[in-house]
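> whatever this is, show me its structure:
(one chain, ligands or ions: 1)
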Amino acid sequence: MSEKVLVTGPFGQIGTDLVPELQKRHGKENVILLGHRHIPENFDGVIERGDVRNREDLRSLIEKYNITQIFHLASLLSATGEKNPQLAWDVNMNGLKNILDIASENDIKVFWASSIAVFGSTTPRDNTPQRTILEPTTMYGVTKLAGEMLCQYYFLKYCLDVRSVRYPGLISYKAEPGGGTTDYAVDIFYGAIMENKYTCFVREDTVLPMMYMDDAIRATLMIMEAEKEKIKIRTSYNLAAISFSAKELEEEIKKQMVDFSVEYEPDERQKIADSWPRTIDDSEARSDWGWRHEFDLGKMTKIMLEKLRGKLTAKK
Ligand code: AKB
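Numbers count the residues shown, from 1 in each chain. Modelled structure (predicted):
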């Protein structure tokens, strides 16, 4: 049976890389993009305007296209969520609840994006286990933790096939991230290429789990395509690739740009970064559905500089 796929948040950081892969797999006409704001001009694909908070719009869209799979990515991130906690709760929780309700009524398979933000300062920060203390202190983290519980509830109560990973900070060149705490690990590349300098909003010794976008997209497709029996965790899987400090990233960029300089001026996002793990134990994703990462710090830095240089030169 051919799949009809709905993607929410299709023009965000993950969606921008995931949508072309889904279009390659299923055909452009079978991937429906639910756009709320910022719909890029000349985008080649099926776009519908709508908001995940509007249950009836969502329901009619899902029925109109006979959707069989949903990638639910629409979400406010950690830093934006702290600026507007009410909106973060509304979009992140009510959006997810609407998706889960309509998916369970129509037997639709769902992928939902969780995050390392479910962890908090009482969580062990090194090699953070799958099952551990979960006391997030951001509204974003609260919504991701409640969302994980909701996903598991729908699986247990309604047999909904919902799958999820806890993404670490994602590094990519196609779309800029917006409103996250891990954004510095992307912004630094723009600073390097455009100005040969960067002012970093976290301390140089800040270590966070990160992942190059190609690995994240591969993980997303792998978990969705794995046989049902292999998905043993229905809250969300720990997922890891690389961890490095802001200073280590600076040094890696300097290997290719010797004059590059970074100043460190931590702001309110430091507190969020300090509440998250440094490294993650993702052994269950590795053993249950065969997850392996491919990009280390060196490979990721090289490719980011090359691709971003190309992109920024083409824009001039
Ligand atoms: C953020 O920084 O808010 C996100 C995340 C780790 O979920 N990138």
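> who touches residue 261 in this structure?
196-198 (C-beta atoms under 8 Å, 6 or more residues apart in numbering). Yep, even glycine has a C-beta here, placed from its N, CA and C like the rest.
> got a markdown table for the residues you listed, with secondary structure too?
Shown next, in a markdown table, are those (DSSP: H, G, I helix; E, B strand; the rest coil):
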| residue | secondary structure |
| --- | --- |
| 196 | coil |
| 197 | strand |
| 198 | strand |
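> write the PyMOL selection for whichever of those residues are buried.
To isolate the buried ones among the contacts of residue 261 in PyMOL, judged by 16 or more other C-beta atoms under 10 Å, type:
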select buried, resi 198
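> just the contacts of residue 261 now: which is nearest the ligand?
residue 198 (17.3 Å; C-beta to the nearest ligand atom).
> so where does the closest residue to the closest one other than its chain neighbours fall, helix or strand?
Spatially, and ignoring its direct neighbours in sequence, residue 198 is nearest to residue 191 (3.0 Å; C-beta to C-beta, 6 or more residues apart in numbering). In this structure, residue 191 sits in helix 184-195 according to DSSP states H and E.
> where's the residue of the stretch 151-300 of the chain found nearest the ligand, which helix or strand?
Nearest residue of the stretch 151-300 of the chain to the ligand, counting by C-beta to the nearest ligand atom: residue 180, 2.8 Å away. Assigned by DSSP H and E, residue 180 belongs to neither a helix nor a strand.
> next, it: phi, psi?
Note on residue 180: its backbone torsions stand at phi -100, psi 170 [degrees, to the nearest 10].
> residues near it, how many?
Residue 180: 23 surrounding residues under other C-beta atoms under 10 Å.
> give me every residue that touches the residue lying closest to it once chain neighbours are set aside.
Spatial nearest neighbour of residue 180, chain neighbours left out: residue 77 (4.0 Å); criterion: C-beta to C-beta, 6+ apart. By C-beta under 8 Å, 6+ apart, residue 77 lies in contact with 140, 177-181.
> show the pLDDT at residue 77.
Here the pLDDT value assigned to residue 77 is 98.
> got it, and the one 3 residues further on?
Note on residue 80: pLDDT of 97.
> now do residue 43
85.
> where does pLDDT dip in the protein?
1 (pLDDT under 70).
> all the helices of it, residue numbers only.
Using DSSP state H, the helices of the chain run over residues 13-26, 55-64, 78-83, 85-89, 95-106, 139-158, 184-195, 213-225, 246-254, 269-274, 283-289, 297-315.
> can I get those in TSV with distance to the ligand?
Listed next are the helices of the chain as TSV, based on distance: least, C-beta to the nearest ligand atom, whole Å:
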stretch	distance to the ligand
helix 13-26	8
helix 55-64	23
helix 78-83	3
helix 85-89	11
helix 95-106	15
helix 139-158	6
helix 184-195	9
helix 213-225	11
helix 246-254	14
helix 269-274	7
helix 283-289	16
helix 297-315	15
